[in-house]
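>>> task: produce atomic coordinates for the following.
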Amino acid sequence: MKQIGVIGSGSCVEDICEIAYNVGKLLAERGCIIINGGLYGVMEAVSSGAKSKGGFVVGIIPGKDKNQANKFCDVVIATNMGHARNMIIVHSSDAIISIGGEFGTISEMSIALKEGKKVVAIKPPVILPNLIIAKTAKEAVEIALEDHR
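As a prediction, the model looks like this:
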């Protein structure tokens with residue numbers, strides 16, 4: 001069973017939230033476990049989409065209080081590590097789908113690319129070497145689930 005990390009900002013505008021929701025639905029339909037930062041914005045939208053299709057969501061939160069996680073997480077891992085938790089998200093994922101984002105998202109994309117992971121981005125905040133750009137949720141999920149490059 002593939003574990004797909006979905007990363008993005010803790011707040012998002014409507015189109016980004018809709019894309020994240022659809023990514024969550026599509027990953028759940030394909031039987032994937034979703035790993036994310038467990039908070040709000042893109043993380044909550046993808047989690048909600050996954051749960052709408054019976055998916056399983058692991059939220060790896062930056063703080064120590066598990067109650068900080070969004071209500072759609074099945075498992076909450078409280079790290080009390082702040083942004084260092086990004087390493088756990090990356091290393092626990094077979095591939096990464098990035099949706100929008102800011103500095104935290106950029107750090108996760110960079111770590112994943114450095115570790116040789118496939119990173120598929122929709123509306124990325126920056127273009128990094130080896131980053132794969134997708135235009136839709138469906139395209140991003142299909143690319144993420146393809147065998148490694």
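>>> quick one: stretch 33-48 to chain centroid distance?
6 Å (Cα atoms, centre = their mean, to the nearest Å).
>>> please read the previous query as pertaining to stretch 25-37.
Taking the mean of its C-alpha atoms, stretch 25-37 sits 9 Å from the chain's own mean (Cα atoms, centre = their mean).
>>> what about that stretch, average pLDDT?
The average of the pLDDT scores along stretch 25-37 is 98.
>>> let me see the ranges of the strands in this protein.
3-8, 33-36, 56-61, 75-78, 95-99, 118-122, 132-133 (DSSP state E).
>>> dump those into JSON lines; add distance to residue 87 and mean neighbour count as well.
Quick note: C-beta positions are derived from backbone N, CA and C, even for glycine. JSON lines is the format used below for the strands of the chain (distance: least, Cβ to Cβ, whole Å; neighbours: other Cβ atoms under 10 Å):
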{"stretch": "strand 3-8", "distance to residue 87": "11", "mean neighbour count": "27"}
{"stretch": "strand 33-36", "distance to residue 87": "12", "mean neighbour count": "27"}
{"stretch": "strand 56-61", "distance to residue 87": "10", "mean neighbour count": "24"}
{"stretch": "strand 75-78", "distance to residue 87": "12", "mean neighbour count": "16"}
{"stretch": "strand 95-99", "distance to residue 87": "13", "mean neighbour count": "28"}
{"stretch": "strand 118-122", "distance to residue 87": "15", "mean neighbour count": "24"}
{"stretch": "strand 132-133", "distance to residue 87": "21", "mean neighbour count": "17"}
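>>> including distance to residue 50, could those go into CSV?
Formatted as CSV, those follow (distance: least, Cβ to Cβ, whole Å):
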stretch, distance to residue 50
strand 3-8, 9
strand 33-36, 5
strand 56-61, 5
strand 75-78, 13
strand 95-99, 12
strand 118-122, 16
strand 132-133, 21
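>>> which one of the ones you listed lies closest to residue 14?
Closest to residue 14 of the strands of the chain, according to Cβ to Cβ: strand 95-99, at 12.8 Å.
>>> partner strands of the closest one, with direction?
Taking DSSP bridges as the criterion, strand 95-99 sits next to strand 3-8 (parallel), strand 118-122 (parallel) in its sheet.
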